[in-house]
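[1] Fold the following, please.
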Amino acid sequence: MAMPLADSDRELYWDQGYLVLPGLFSADLIDRFEARFLEFARGTELPTKNMVLMRDVMVARGAVVAEDPVHRLNKLLSFEADEELFAYALSVGLLDAVRTLLGPELQTISTNVFNKPPGVDGRHPLHQDLRYFALRPSDGMVGTWTAIAPVNRANGCLAVIPGSHRLGYLPHEEPDWEFLNQGFVGVADVNVEERVHVDMEPGDTLLFHPLLIHGSGRNRSAGCRRAISVHYASRSCRRPEGKRKRAPVIRAIPDESP
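    Have a look, this model is predicted:
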C-alpha cells in the first residue's frame, strides 16, 4: 500500500531524528522474510553474492555453544542479490515513506537481517550509523528497521536518544566490554539516561537519521530478536575519493512509474 508521510510525520522525523510507522508490513510479508532468513541461517540455501553470515563473537570465541545454527548468528549482511529479501527494500509503502524524506531517486547502501540470539552479551553500544558510511550529506540518507517478531526491552529492542541527530557527528570508541561484536563502537561520553526504548510489533518500522544516537541491549528472552533493515541514500549523495576496507554494496532503486 502506498504510504507517503503526512506533513506532521515528516516534521516529527526531522525534529526527533526518528519516526515509527506501525504495521507498515503485512504479516504475510514478514513471514516470507523470516522464512528466507532461516533458509540461509540453516544452510539450506547458499549465500548470494556479497552476502555475509556473521557469527556472534561469543560463539566465535567458544565462550558459548549455540544450540542450533540460527543461534550462532549475529546478523546476515548484504542481501542485495537475493530477490526474496530485497523485496523488502522495494516495497511500495516503505519507498513512499523514504521518498517523502529523501526525494524520488534512491539507492540502497546497506542491507541487514539482525538476529540477536539469547544467551550471549549481544549489546550494541549507543552509536551513530554515519560512522559506517562515506556518502554525504547525512540528510540525504535514512535507515529503516522493521521488526520481524515482537521487539521489547526484554529481548533487546532499539534505544534512541531523541533529537541527537542535531548534535553532528560525535567521536566514537570501543567500550570496555569483554565480548564486543565486530564493528561495534559507541559514542564517547553519551548520557544513557536520555534513552527512549522503542517497543515494536511485527511489521512496525522505524525510520531514523544516520546521526541519531541509538543502540540495543542484551536479549534476556528465550528466542532470537530479529529485524530486517535497509539504509537508503539519495542518488545525489557523493562519496569522497579514497580506498575503503570493504567495497560498498550499492543497488539503485528503480524510479517511480510515471
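[2] looking at it, residue 127 is touching residue 181, isn't it?
    No. In terms of Cβ atoms under 8 Å, residue 127 does not count as a neighbour of residue 181; the distance is 12.0 Å. (Glycine included, C-beta is placed from N, CA and C.)
[3] can you pull out the strands in this structure?
    Counting by DSSP state E, the chain has these strands, from start to end: 18-21, 52-55, 73-77, 106-116, 124-127, 141-147, 158-160, 172-173, 186-187, 196-198, 205-208, 214-216, 225-234, 251-252.
[4] Save those as a markdown table, and put in mean pLDDT and mean neighbour count too.
    Rendered in a markdown table, the data for the strands of the chain read as follows (pLDDT from 0 to 100; neighbours: other Cβ atoms under 10 Å):
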| stretch | mean pLDDT | mean neighbour count |
| --- | --- | --- |
| strand 18-21 | 98 | 20 |
| strand 52-55 | 96 | 16 |
| strand 73-77 | 96 | 22 |
| strand 106-116 | 97 | 23 |
| strand 124-127 | 95 | 21 |
| strand 141-147 | 98 | 24 |
| strand 158-160 | 98 | 23 |
| strand 172-173 | 92 | 14 |
| strand 186-187 | 94 | 22 |
| strand 196-198 | 98 | 16 |
| strand 205-208 | 98 | 24 |
| strand 214-216 | 97 | 24 |
| strand 225-234 | 98 | 24 |
| strand 251-252 | 96 | 13 |
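[5] Compare the ones you listed and give me the one nearest residue 37.
    Taking Cβ to Cβ as the measure, those were each checked against residue 37, and strand 106-116 came out nearest at 4.8 Å.
[6] residues contacting the closest residue to residue 207 other than its chain neighbours?
    Taking Cβ to Cβ, 6 or more residues apart in numbering as the measure, residue 207 lies nearest to residue 19, with 4.8 Å between them; neighbours along the chain are not counted. For residue 19, the set of contacting residues under the criterion of Cβ atoms under 8 Å, 6 or more residues apart in numbering consists of 5, 9, 12, 13, 206, 207, 208.
[7] CSV for these, including distance to residue 190?
    As requested, these are exported to CSV (distance: Cβ to Cβ, whole Å):
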residue, distance to residue 190
5, 28
9, 27
12, 23
13, 21
206, 19
207, 21
208, 16
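[8] where along this protein do the helices fall?
    Taking DSSP state H, the helices of the chain run over residues 7-16, 27-42, 57-60, 83-86, 92-102.
[9] quick one: low-confidence ranges for this structure?
    Counting by pLDDT under 70, the chain has low-confidence residues at 1-3, 243-246, 257-258.
[10] Who is the spatially most central residue of the chain paired with across the strands?
    The chain has residue 229 as the residue nearest its centroid, 3.9 Å off, counting by Cα atoms, centre = their mean. According to DSSP bridges, residue 112, residue 145 are recorded as the beta-bridge partners of residue 229.
[11] distance of the residue nearest to residue 174 when sequence neighbours are not counted from residue 128?
    Using Cβ to Cβ, 6+ apart and skipping residues adjacent in sequence, the residue nearest residue 174 is residue 185, 5.5 Å away. Between residue 185 and residue 128 the distance, using Cβ to Cβ, to the nearest Å, works out to 10 Å.
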